[in-house]
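Peer 1: can you look at this prediction? I've put the sequence above it.
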Amino acid sequence: MRDKMLDAVGRFDGALASVEVETAVSVVEGLLAAGVDPVDVLVDVIASAQRTVGERWQRGEWTVAEEHAATAVSVSATEAVARWVRRTPATRGRVVVACAEREWHALPAMIVGTALRAAGWDITLLGASTPPTKLGQYLHDLGPDAVAVSCSVLGALGTTRRFIEASTAAGIPVVVGGSAFGRDAARAEALGATAWAPGAREAVDIVAALPTVVPAVPPMAGRAAGEQAALELAHHRIVTGLRERWSLAAQIVTTEALPLDSVDAIAVDVVNQAVHAVWAALITDDPRALTETAGWVGSLLDARDVNPELVLELGRLLAADLRDFPIARDLVARHWGDGVLAAGAR
Ligand code: B12
């Protein structure tokens, strides 16, 4: 079976690179027909291939368009697994699976939802970037047993918190996960989630162990949360200023071998992610959001032959722009450089 799985992973990866939907779907259907657990197909084949897609974009080997095309193939493959697991009737309660506003990574939610469906839960999938307005009423009307929120980008942790507020206000437990939460439960706990899980397999166990009713989370208070709210309002100004002053555009090197997205697009992504990391560190009290992001910026620029000093320059400019936000400025000044050092040591 191990060889069969390895062979399937290779063929699936190839189908993503050449955008062959039929091949990808037939690979997963072949595995399911051979008796492979649907959750193994979701985690070890589809999710794993998707992370490779991200690494290719990060290294500048694939453009965003290629990333989109490959993801569409993975969505079709996940739908094939979902069709397969729906052959068995749902025997447990209902779970609403969602991405909060600003979160466009719908596929991880789809994968987790399909894994829960395979375990017998009835699933209501809300999809990407769901606004929190009226969510409370919706949950009240639907009456699910749990809410599962997937968050891949740091900028959506704040809106994920609004999901947690709406769900717990209705007494409904919330499980969270996704790459924005990092590798442990710290950020999930800080945001008041009922539970966190690192992957779809663990999500199945965690959802089965959730309490029936939970108390409403208390409102987010404190100076750090206040700074984050003010930073959201100042976001456009800060990001525009950083893009104008950061010397990335002058430094980037484009070669034929590197199908680089426009310098401006990279600068927009990077600067946005950097400011979002500040938001995340403020509301979760977890400075690793900053060190991880600095390391990510470093690897992105390194793959594009950009002087690594520019990562430190971005940190300095960001800290200077945060002069009206003392907690945020202090976090950047203390932790951004650590991320650059850690990336350099790898
Ligand atoms: C496809 C993709 C996109 C697509 C998403 C389309 C879609 N339909 O989903 C699009 C093009 C929209 C996109 C946009 C962006 N993306 Co993108 N994207 C990806 C990519 C390649 C794959 C995502 C995926 O499907 N992963 C597979 C999932 C299943 O894996 P996973 O997230 O690890 O999930 C597991 C666990 O986390 C957990 N889990 C996940 N959710 C939940 C929920 C619960 C409740 C639980 C318990 C567990 C759990 O279980 C899963 C399975 O075991 C990733 C690379 C990566 N490493 O994932 C980048 C990635 C996430 N994107 C990234 C970035 C930067 C962006 C953009 C800012 C710019 C861009 N590149 O286009 C925008 C931001 C959009 C936004 N605001 O949300 C970065 C984030 C970096 C960072 N430091 O945060 C990544 C990591 C790429 C990279 N290597 O740099 N992206």
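Peer 2: The structure has been received and is ready for your questions. Residues are numbered from 1 along each chain as shown.

Peer 1: okay, CA-based contacts and neighbour counts for the rest of this
Peer 2: Fine.

Peer 1: what sits against the spatially most central residue of the chain?
Peer 2: Centroid-nearest residue in the chain, with C-alpha atoms, centre = their mean: S152, separated by 0.7 Å. S152 makes contact with 103, 105, 178-181, according to C-alpha atoms under 8 Å, 6 or more residues apart in numbering.

Peer 1: for the residues you listed, pick the one with the most neighbours.
Peer 2: F181 (25 neighbours; other C-alpha atoms under 10 Å).

Peer 1: now do the residue lying closest to that residue once chain neighbours are set aside against R161, distance only.
Peer 2: Take F181 and drop its neighbours on the chain: the residue closest to it by C-alpha to C-alpha, 6 or more residues apart in numbering is R187, 5.7 Å away. From R187 over to R161 the distance is 10 Å, taken as C-alpha to C-alpha, to the nearest Å.

Peer 1: could you do A169 as well?
Peer 2: In terms of C-alpha to C-alpha, A169 sits 12 Å off from R161.

Peer 1: and if you look at E101?
Peer 2: Taken as C-alpha to C-alpha, the span from E101 to R161 is 11 Å.

Peer 1: check L125 too.
Peer 2: 18 Å.

Peer 1: so those two - more neighbours on which side?
Peer 2: Shown here are L125 and R161; by other C-alpha under 10 Å, R161 has more neighbours (23 against 17).

Peer 1: wait, doesn't the more buried one sit right on L191?
Peer 2: Yes. Counting by C-alpha atoms under 8 Å, L191 is a contact partner of R161 at 5.8 Å.

Peer 1: now for these two: what residues contact both?
Peer 2: The contact sets of R161 and L191 do not overlap (C-alpha under 8 Å, 6+ apart).

Peer 1: need the contact list for A185.
Peer 2: A185 touches 195-197, counting by C-alpha under 8 Å, 6+ apart.

Peer 1: go again with 6 Å.
Peer 2: Residues near A185 by C-alpha atoms under 6 Å, 6 or more residues apart in numbering: W196.

Peer 1: now do the SS call for the residue nearest to the centre of the chain.
Peer 2: The assignment at S152 comes out as coil when based on DSSP: H, G, I helix; E, B strand; the rest coil.

Peer 1: nearest spatial neighbour of R201, skipping sequence neighbours?
Peer 2: Nearest one to R201, counting by C-alpha to C-alpha, 6+ apart, is V39 at 6.7 Å.

Peer 1: and the host helix or strand of that neighbour, does that touch the ligand?
Peer 2: Using DSSP states H and E, V39 sits in helix 38-40. No. Judged by C-alpha under 6 Å from any ligand atom, helix 38-40 stays clear of the ligand, getting no closer than 8.9 Å.
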